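Student: Sharing a model prediction with you, sequence too.
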Amino acid sequence: MNVSSLIDELEARKNDFILVADVINLMANATNSTPSQVLDYLDTNNIDERLTIFYMDERYNFHSYRKPLVGLGYETETTYFALKDAMMFEPINKHGIFGKNQVTNNVINDVYERTYDINHHKRNREDDYLTLSETLDFLNSKKGFNTSSYDLRKLRDLARKKLLTPCFYFSGYVGSFSFENTKNFYVEVITGYFTYRLLAEEVCSSDDYITIPSCETGNEIRIYRILEKHTAEYVDNDNGVFLLEKKPQGFHDTEKVELKCIEADEIRFSKREINSYIASLTNSNENQNDSSVQHDSELLAKLEKLQAENDNLNSRLSTARNTYKQHRNEIKALQEKIKQADIEKAKLIEQLNKVELTDKPAIIENNTILYVTPAISIMNEVIAEFWIDYDPNDPAPKQSTITDWITDKFDDVSDALALNIDKVCRHTSARSGGKYKR
């Protein structure tokens, strides 16, 4: 199949599906409702039982996504309905959204000669991304939907409950694994906004910088909004990704070039998402009462308590892990010392066996020393040093070697005495002329 035919096939395949976000927005426009009201309407009509939600992998194949519609959040912009199923679902098609105003996929070719829909990327670029102070000013300027003012603590609580999503801007190299084979590491060039689960906890932080997580299970960096794909091919499934300051040579090189931190004032919130949140509050505030507010506060208090307990447990676990490593290293060091002590012990025993005759008296009877002199002690040491293990088949030590050894080791020993001690101690086979002549 040539490239042109492949593109035609992919375009035809994508045209069989429609973004969930497009359906919601079309219905909101057709009924003069908010997106939140449309979600409530579809949920009331049991849409999860009637329509299947799909996601698209990096090869533009569609797979069912088992998640309720009301729980998708910003994933409505990366998930799809089968177009024919949506058109046959009466609560949707009765509003006439599939007529002339029906949304068509704006399909283009990327550098890999693959196709993808850029409609939602264009909408992402048209959105405003507000700083923390701008977000608070915007929320507090909307009178009538809430009686209490917003501060950083309340904004953090909204992020914890996933009602609003904190994110940060990044444009550059993004590393990811293939959807089908996690051993294959790919690098893309992407411009967009990114987020991770614990970024919500940084909303109230007083630090100047925020440390970016690396390969933390459950806290992976995820794509929040793609503004532009430059060379992206594998990231549509929104797996955890790596943000890289420059292109690595391979996965082994990612730690060296991985983005380590961002400035605290780089946190942003989508204005479009804030408007959706305000619309949902406007709709729900009609029936809201003090008891629900109290219940919500109690839940938040419990959440904060559980978070504190979790932080404490993590701290204790880290301390225990460090203590274990320290004890393990000490045990290894002690084992090495014992090993060296055993070696030294063996050497000392060997030396002791060689000199055990040293300083023994010449005559012992019934464990009583009868007679010994310094010269006799020197003789014993000469025997232990040169002759106790002597093999007659080996070359004998020279007379000068032994006499020099005696005079060097013992003070006040004359050359004549050293020569006589050598003659007395010398092995009979090592004497010149053989055995002594009688």
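Tutor: Cool, got the structure.
Student: Quick check: end-to-end length of stretch 126-137?
Tutor: Start to finish, the residues bounding stretch 126-137 are 20 Å apart (Cα to Cα, to the nearest Å).
Student: likewise stretch 22-42?
Tutor: Distance across stretch 22-42, first residue to last, is 14 Å (Cα to Cα).
Student: residue ranges for the helices of the stretch 151-300 of the chain, please.
Tutor: 152-160, 254-257, 271-284, 290-354 (DSSP state H, counting those that start in this stretch).
Student: For the ones you listed, give me JSON lines that also has mean neighbour count, distance to residue 407 and mean pLDDT.
Tutor: All C-beta spots, glycine's among them, are computed from the backbone N, C-alpha and C. Formatted as JSON lines, these follow (neighbours: other Cβ atoms under 10 Å; distance: least, Cβ to Cβ, whole Å; pLDDT from 0 to 100):
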{"stretch": "helix 152-160", "mean neighbour count": "18", "distance to residue 407": "90", "mean pLDDT": "93"}
{"stretch": "helix 254-257", "mean neighbour count": "15", "distance to residue 407": "67", "mean pLDDT": "85"}
{"stretch": "helix 271-284", "mean neighbour count": "17", "distance to residue 407": "99", "mean pLDDT": "79"}
{"stretch": "helix 290-354", "mean neighbour count": "10", "distance to residue 407": "21", "mean pLDDT": "80"}
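Student: out of those helices, which comes closest to residue 31?
Tutor: helix 271-284 (13.3 Å; Cβ to Cβ).
Student: packing partners for the closest one?
Tutor: Other elements packing on helix 271-284 under the criterion 3 or more Cβ pairs under 8 Å, 6 or more residues apart in numbering; DSSP states H and E are helix 35-44, strand 129-130, helix 132-141.
Student: Comparing those, which comes out most buried?
Tutor: For those, the largest average neighbour count (mean count of other Cβ atoms under 10 Å) is found in strand 129-130, namely a mean of 20.
Student: Strand partners (parallel or antiparallel) of that strand?
Tutor: When sheet partners are counted by DSSP bridges, strand 129-130 sits next to strand 269-270 (antiparallel).
Student: would JSON lines of the helices and strands packed on helix 271-284 with distance to residue 416 and mean pLDDT be doable?
Tutor: As requested, those are exported to JSON lines (distance: least, Cβ to Cβ, whole Å; pLDDT from 0 to 100):
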{"stretch": "helix 35-44", "distance to residue 416": "118", "mean pLDDT": "89"}
{"stretch": "strand 129-130", "distance to residue 416": "106", "mean pLDDT": "95"}
{"stretch": "helix 132-141", "distance to residue 416": "102", "mean pLDDT": "92"}
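Student: Please convert the ones you listed to a markdown table, extending it with distance to residue 222.
Tutor: Putting the helices and strands packed on helix 271-284 into a markdown table (distance: least, Cβ to Cβ, whole Å) gives the following:
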| stretch | distance to residue 222 |
| --- | --- |
| helix 35-44 | 22 |
| strand 129-130 | 16 |
| helix 132-141 | 20 |
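Student: right, so of the helices of the stretch 151-300 of the chain, which gets closest to residue 39?
Tutor: helix 271-284 (8.6 Å).
Student: how big is the angle separating the closest one from helix 35-44?
Tutor: 60 degrees (axes from the mean of the first three to the mean of the last three Cα atoms, to 10 degrees).
Student: Next, the angle from helix 271-284 to helix 290-354.
Tutor: Using the same axes, to 10 degrees: helix 271-284 against helix 290-354 is 130 degrees.
Student: residues making contact with helix 271-284?
Tutor: 34-37, 40, 74, 127-130, 135, 138-139, 142, 144-146, 158, 163-165 (Cβ atoms under 8 Å, 6 or more residues apart in numbering).
Student: What angle do helix 132-141 and that helix make with each other?
Tutor: Using the same axes, to 10 degrees, helix 271-284 lies at 30 degrees relative to helix 132-141.
Student: Render the CA-only coordinates of helix 271-284 in CSV, please.
Tutor: In CSV, the C-alpha atoms belonging to helix 271-284 read as follows (Å, rounded to 0.1, in the frame of the first residue of the first chain):
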residue,chain,number,x,y,z
LYS,A,271,-9.7,29.9,31.5
ARG,A,272,-12.0,27.6,29.5
GLU,A,273,-11.9,25.0,32.3
ILE,A,274,-12.5,27.7,34.9
ASN,A,275,-15.6,28.9,33.0
SER,A,276,-16.9,25.3,32.9
TYR,A,277,-16.4,25.0,36.7
ILE,A,278,-18.2,28.3,37.2
ALA,A,279,-21.1,27.1,35.0
SER,A,280,-21.4,23.9,37.0
LEU,A,281,-21.5,25.9,40.2
THR,A,282,-24.2,28.3,38.8
ASN,A,283,-26.3,25.3,38.0
SER,A,284,-25.8,23.5,41.3
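Student: Residue numbering should commence at 579 henceforth.
Tutor: With the count now opening at 579, the last piece we talked about shows up as helix 849-862.
Student: Give me the distance from that helix to the chain's centre.
Tutor: Relative to the chain's own centre, helix 849-862 is displaced by 36 Å; criterion: Cα atoms, centre = their mean, to the nearest Å.
Student: same deal with stretch 971-978?
Tutor: Counting by Cα atoms, centre = their mean, stretch 971-978 comes out at 70 Å from the chain centroid.
Student: Give me the buried stretch members for that stretch, please.
Tutor: Neighbour-count burial for stretch 971-978 flags 974-975, 977 (criterion: 16 or more other Cβ atoms under 10 Å).
Student: Check stretch 818-834 too.
Tutor: 818-822, 826, 832.
Student: In CSV, could you pull the C-alpha coordinates for it?
Tutor: Taking C-alpha atoms only, stretch 818-834 is exported to CSV below (Å, rounded to 0.1, in the frame of the first residue of the first chain):
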residue,chain,number,x,y,z
GLY,A,818,3.5,9.5,31.3
VAL,A,819,6.2,11.4,29.5
PHE,A,820,9.7,12.9,30.2
LEU,A,821,10.4,16.6,29.6
LEU,A,822,14.0,17.0,28.2
GLU,A,823,16.1,20.1,27.9
LYS,A,824,17.9,18.7,24.9
LYS,A,825,17.6,15.6,22.8
PRO,A,826,19.1,12.5,24.5
GLN,A,827,21.2,9.9,22.9
GLY,A,828,18.9,7.2,24.2
PHE,A,829,16.9,6.3,27.3
HIS,A,830,20.1,5.9,29.4
ASP,A,831,20.9,9.5,28.7
THR,A,832,17.5,11.0,29.8
GLU,A,833,18.5,11.5,33.4
LYS,A,834,21.3,13.9,32.3
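Student: Nice, that's everything, thank you.
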